[in-house]
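S.K.: Pasted the sequence and its predicted model underneath.
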Amino acid sequence: MLMWFLCLLFVLILFGLLAYWLLVVTEGVFLGRRVVVWLYDLTAHKYDDIKQFGTETEQFFVVRPLLQSLTNQPAPRILDVATGTGRLPYHVLNDPLFHGRVYGLDASEKMLDWAAEKIRPFGDRAPLIQGVADKLPFPADYFQAVTSLEALEFFPDDVAALHEMVRVLQPGGVLLVTRRRGWEAKAFVGRYRDPQTFEALLQNLGLVAIDTRLWQVEYDLIFAQKPKSI
Ligand SMILES: C[S@@+](CC[C@H](N)C(=O)[O-])C[C@H]1O[C@@H](n2cnc3c(N)ncnc32)[C@H](O)[C@@H]1O
């Protein structure tokens with residue numbers, strides 16, 4: 001009897017750990033896009049409270065370097081892939097030096113609802129689109145910059161998504177993405193890339209001037225450029 005009880009307990013613990021890994025640590029990515037999006041729909045209302053984005057750090061690490069790379073563009077078009085609750089559009093559009101538009105694309109309707117609330121004051125300078133990262137609904141060479149923060153690891157096919165980002169990026173344009181780092185990154189079994197492998201991937205996509213910067217405990221920031229002729 002005790003033996004059966006211990007076996008049952010063992011199975012339950014294993015099942016709990018598996019569920020924790022699938023749903024919490026890797027946020028549903030091994031269960032498919034629908035599960036990822038469903039989890040973001042469920043948690044959208046508390047996303048900003050959990051993340052606690054600080055205006056000054058966002059400006060210092062993300063907005064200023066991004067805008068510096070666009071100084072020769074008077075009114076650039078930026079696409080933020082997996083924009084979530086509008087973190088990047090909100091902080092870029094709040095910069096008085098920025099006079100362009102930021103398009104935010106995300107697969108989660110609820111995340112976009114929160115984004116819409118936040119960036120409402122910017123009107124048509126901040127269009128929001130519900131869509132998926134590996135099939136971007138834009139023509140080739142359309143954006144002066146494409147960004148995607150804290151998102152690549154949740155896409156079913158991150159390479160396909162990167163291909164799409166490069167396709168819609170104008171020659172000479174800037175790509176800004178993140179690479180997951182730290183112990184949790186390695187829990188994304190078969191999807192983890194070390195800095196060298198990640199940079200090699202971007203090189204294979206034809207990108208140049210690849211620059212990896214330490215950013216947060218869990219993420220590096222990577223800037224790259226699409227050559228003027230690819
Ligand atoms: C961790 S959040 C990052 C949001 C935002 N970039 C930020 O830094 O706060 C990941 C986002 O990716 C979105 N997402 C996940 N899979 C997606 C896909 N295949 N296509 C587009 N968006 C996706 C989720 O809905 C979620 O909003």
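M.R.: Thanks, I have it.
S.K.: drop to CA atoms for contacts and neighbour counts, all remaining ones
M.R.: OK.
S.K.: Just give the number of residues close to Asp211.
M.R.: Other residues lying near Asp211 total 12 when counted by other C-alpha atoms under 10 Å.
S.K.: Then the one 5 residues further on?
M.R.: Gln216 has 12 neighbouring residues, counting by other C-alpha under 10 Å.
S.K.: Now do the top strand by length along the chain, average pLDDT.
M.R.: In the chain, with assignment by DSSP state E, the single longest strand is strand 169-180. In this model, strand 169-180 has an average pLDDT of 97.
S.K.: what bits of the chain have low per-residue confidence?
M.R.: 230 (pLDDT under 70).
S.K.: what residues does it put near the ligand?
M.R.: Counting by C-alpha under 6 Å from any ligand atom, the residues of the chain close to the ligand are 33, 36-37, 40, 82-84, 87, 106-108, 111, 131-133, 148-151, 154-155.
S.K.: buried subset of these?
M.R.: Among those, those buried by neighbour count (16 or more other C-alpha atoms under 10 Å) are 33, 36-37, 40, 82-84, 87, 106-108, 111, 131-133, 148-151, 154-155.
S.K.: and these, which of them are in strands?
M.R.: Using DSSP E, these in strands are Asp106, Ser148.
S.K.: what does the domain assignment say about this protein?
M.R.: 2-31, 50-225 (automatic domain parsing).
S.K.: Do me a favour and get the end-to-end distance for the last one?
M.R.: This means domain 50-225. Domain 50-225 has its terminal residues 32 Å apart, counting by C-alpha to C-alpha, to the nearest Å.
S.K.: I'd like the distance from that domain to the chain centre, please.
M.R.: Relative to the chain's own centre, domain 50-225 is displaced by 6 Å; criterion: C-alpha atoms, centre = their mean, to the nearest Å.
S.K.: residues of stretch 19-32 that come out buried?
M.R.: Applying 16+ other C-alpha under 10 Å to stretch 19-32 flags Trp21, Leu22, Leu23, Thr26, Glu27, Gly28, Val29, Phe30 as buried.
S.K.: So which of those is the closest to Arg120?
M.R.: Distance ranking of the buried residues of stretch 19-32 against Arg120, using C-alpha to C-alpha, places Glu27 first at 28.6 Å.
S.K.: Skipping its backbone neighbours, what lies nearest that closest one in space?
M.R.: Val36 (6.1 Å; C-alpha to C-alpha, 6 or more residues apart in numbering).
S.K.: Quick check: that neighbour touching Phe154?
M.R.: Yes - using C-alpha atoms under 8 Å, Val36 is in contact with Phe154, at 7.1 Å.
S.K.: Break down this protein into its helices, ranges please.
M.R.: 2-20, 33-51, 55-58, 64-68, 87-93, 109-119, 158-168, 195-204 (DSSP state H).
S.K.: winner for burial among these?
M.R.: Neighbour counts (mean count of other C-alpha atoms under 10 Å) averaged over each of the helices of the chain peak at helix 87-93, with a mean of 22.
S.K.: Could you name the helices and strands sitting against it?
M.R.: strand 101-106, helix 109-119 (3 or more C-alpha pairs under 8 Å, 6 or more residues apart in numbering; DSSP states H and E).
S.K.: Would you reformat the ones you listed as JSON lines and include distance to Thr197?
M.R.: Below are these laid out as JSON lines (distance: least, C-alpha to C-alpha, whole Å):
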{"stretch": "strand 101-106", "distance to Thr197": "26"}
{"stretch": "helix 109-119", "distance to Thr197": "31"}
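S.K.: Compare these and report which one is nearest to Lys228.
M.R.: The nearest among the helices and strands packed on helix 87-93, by C-alpha to C-alpha, is strand 101-106 at 22.0 Å.
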